[in-house]
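sequence unavailable; structure follows:
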């Protein structure tokens, strides 16, 4: 596969406010993306830029990466599209930092570049680049992941980059897409401490999905698999922090492919629990009220082998309970 990737993490914003997680998140995604056992993308075909790669700025004029530097990461793709090239593979776009959405477009999302301020909202309209790549069939699949806020500010509009305009490719409709945003329109993404390292909560859930999600029957972790896993674990990842649900778009008819992984023999059910449930007793009952399994809850997840059927999960110490169905491998949030 001729896979490519662009990974961006911006912590330092002298014109807005600094963050602590995006550069950590960018490195983590880059490592997954270039790992032969995971994303499998040749490191020579992945461009990563982080604000931590530059000297600490004293003003917005010294802040990097600037919007012009971010655009340079995409220039080769615009030139390749003009030449009519096609790569039999995937394009991964990962961004983390401060972001916003266009107040006139609830589906929009943009990443502020490092020199941004309220008066000068410099940004990367990553959706426009993804759309350009799709329309001109440069890749077979496009994965866009953004761990950034999507505040809707009247002062800010998402401005598309100055891209060349020429007819779309006849195969544009065949391109598969995955778009994952850390939060919905006019909502904020959040970061928190994970074992002494600050990370974005959405990225933490995404990485959990990419590394642990149960593959489909073909042994593939697809966009649909990732979406389901993220929604199941993100509340536990948020811990005490209140968050809005992520906004993930998957085309089930044209589902993207993240990684191939062998299924665990038999059916396993992963129970995602809150931190305060650790060391409590989890009881699984078949319907009605027949205990069939019991376990001590570990950190974040507990896995039990269950045959397909209808069950009830109960935490003894708190009385929390939920009814769930197991069609095969499944994930249940308590």
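That came through fine. Treat the numbers as computed from the prediction; the structure is a model and nothing was measured.

any chance you could map the helices in the stretch 201-334 of the chain?
Secondary structure of the stretch 201-334 of the chain, counting by DSSP state H, counting those that start in this stretch: helices at 201-212, 223-238.

residue 191 touches residue 199, doesn't it?
Yes. Assessed by Cβ atoms under 8 Å, residue 191 is found in contact with residue 199 at 6.3 Å. The C-beta positions use only the backbone N, C-alpha and C, and glycine is treated the same way.

and the helices of the stretch 201-334 of the chain: which comes nearest residue 32?
helix 201-212 (5.9 Å; Cβ to Cβ).

hey, where'd the strands end up in the stretch 201-334 of the chain?
For the stretch 201-334 of the chain, applying DSSP state E, counting those that start in this stretch gives strands covering 220-222, 247-250, 257-260, 268-272, 281-286, 290-296, 301-305, 309-315, 321-326, 330-333.

the ones you listed: which one's closest to residue 180?
strand 247-250 (4.6 Å).

thinking again about what came up before, need the winner for burial among the helices of the stretch 201-334 of the chain.
helix 201-212 (a mean of 23; mean count of other Cβ atoms under 10 Å).

next, the angle strand 268-272 makes with that helix.
On the basis of axes from the mean of the first three to the mean of the last three Cα atoms, to 10 degrees, helix 201-212 is oriented at 160 degrees to strand 268-272.

can you list the residues that contact helix 201-212?
Outside helix 201-212, the residues that touch it by Cβ atoms under 8 Å, 6 or more residues apart in numbering are 21, 25, 28-29, 32, 38-39, 96, 145, 147, 180-183, 189-192, 194, 221, 225-226, 229-230, 233-234, 237-238, 241, 243, 246, 258-259, 270, 301.

shaky segments in the stretch 201-334 of the chain?
217, 262-267, 287-289, 299-300, 327-329 (pLDDT under 70).

assess the claim that residue 181 and residue 246 are in contact.
Yes. Counting by Cβ under 8 Å, residue 246 is a contact partner of residue 181 at 6.3 Å.

of the two, who's got more company?
The neighbour count for residue 181 versus residue 246, taken as other Cβ atoms under 10 Å, is higher for residue 181 (25 against 22).
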